[in-house]
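Q: got a sequence here, can you model it:
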Amino acid sequence: MQRWGRQFEVVAVCDRHVAAARELAAELGVPAERVFEEVGEMLEVLTSGGGSGGRPSPRPCPTGRGHAEQGASVAGSGCDGGEGRIGLDAVVICTIHDEHAAAAIAAADRGLHVFVEKPMATSLADCEAMVAAAERTGVVLMVGQNQRYKANYRAVKRLIDSGELGPIRAIRVESNGAR
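A: Now for the predicted structure:
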């Protein structure tokens, strides 16, 4: 399996398009038996046998950056699960938008940290349910806001935080794709 330093290891790939999942898994060095078509099956197979009721105890979330292909859920691990188990710590969810909530909640309910691509979900109720699941199970839920660390947005954030502009009532951002 491919490792990204000591930060994490991709241990499974899940995609409703199995051929795409197999291709990504091969590229990442993930064994064929860890390619799944359904998120629920992946979570069941990779988290069964740990903790009470098959649910592993949450562990600290590994740091670092990863990459997932659009449309795939990629399961990542930061440690050895011991006793022959895969040490699944977290999942990256980059499915179609209306599937984000169900996959994130299912992963959180299994004690897995969740990184979900934006948008977080398709409704406020789903977003609130995702947050509630993470809080209930003590896992980290992070939404991938890929613009967050761009220099121009950080500069605007510093300006707003400084109070120099006064109270902000609304913001509209247009981007021409400049870096």
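
Q: now the lengthiest helix in the chain: average pLDDT?
A: Counting by DSSP state H, the longest helix found in the chain is helix 124-137. The average pLDDT within helix 124-137 is 97.

Q: and it, how far from the chain's centre?
A: Averaging C-alpha positions (Cα atoms, centre = their mean, to the nearest Å) puts helix 124-137 14 Å from its chain's average.

Q: so who does the spatially most central residue of the chain touch?
A: Closest residue to the average C-alpha location of the chain: residue 115 at 2.1 Å, with Cα atoms, centre = their mean. By Cβ atoms under 8 Å, 6 or more residues apart in numbering, residue 115 lies in contact with 66, 90, 91, 92, 93, 142, 144. Using the backbone N, CA and C atoms, a C-beta is placed for each residue, glycine as well.

Q: kindly report the same for residue 25.
A: 12, 13, 31, 32, 34, 35.

Q: so the closest residue to residue 93 other than its chain neighbours: helix, strand or coil?
A: Distance criterion Cβ to Cβ, 6 or more residues apart in numbering; nearest residue to residue 93, sequence neighbours excluded, is residue 116 at 4.4 Å. With DSSP: H, G, I helix; E, B strand; the rest coil as the basis, residue 116 sits in strand.

Q: coming back round to it: other residues contacting the longest helix of the chain?
A: 58, 100-101, 104-105, 108-109, 111, 114, 116, 120-121, 140-141.

Q: ok, and for it, which residues are buried?
A: 126, 127, 129, 130, 133, 134, 137 (16 or more other Cβ atoms under 10 Å).

Q: shaky segments in this structure?
A: 1-7, 49-87, 148, 177-179 (pLDDT under 70).

Q: please repeat the previous calculation with a cut-off of 90.
A: Counting by pLDDT under 90, the chain has low-confidence residues at 1-11, 16, 28-29, 40, 44-89, 94-96, 117-118, 144-157, 170-179.

Q: stretch 29-39 spans what distance, first to last residue?
A: End-to-end distance for stretch 29-39: 20 Å, by Cα to Cα, to the nearest Å.

Q: buried residues, it. List them.
A: For stretch 29-39, by 16+ other Cβ under 10 Å, it's 30, 34, 35, 36, 39.

Q: now, which of the contacts of helix 124-137 sits nearest residue 170?
A: residue 120 (20.7 Å; Cβ to Cβ).

Q: and for that closest one, nearest residue in space, chain neighbours not counted?
A: The shortest distance from residue 120 to any non-neighbouring residue, by Cβ to Cβ, 6+ apart, is to residue 143 (4.7 Å).

Q: got the phi/psi numbers for the one you found?
A: phi -100, psi 130 (degrees, to the nearest 10).

Q: does it have beta-bridge partners, and which?
A: residue 116 (DSSP bridges).
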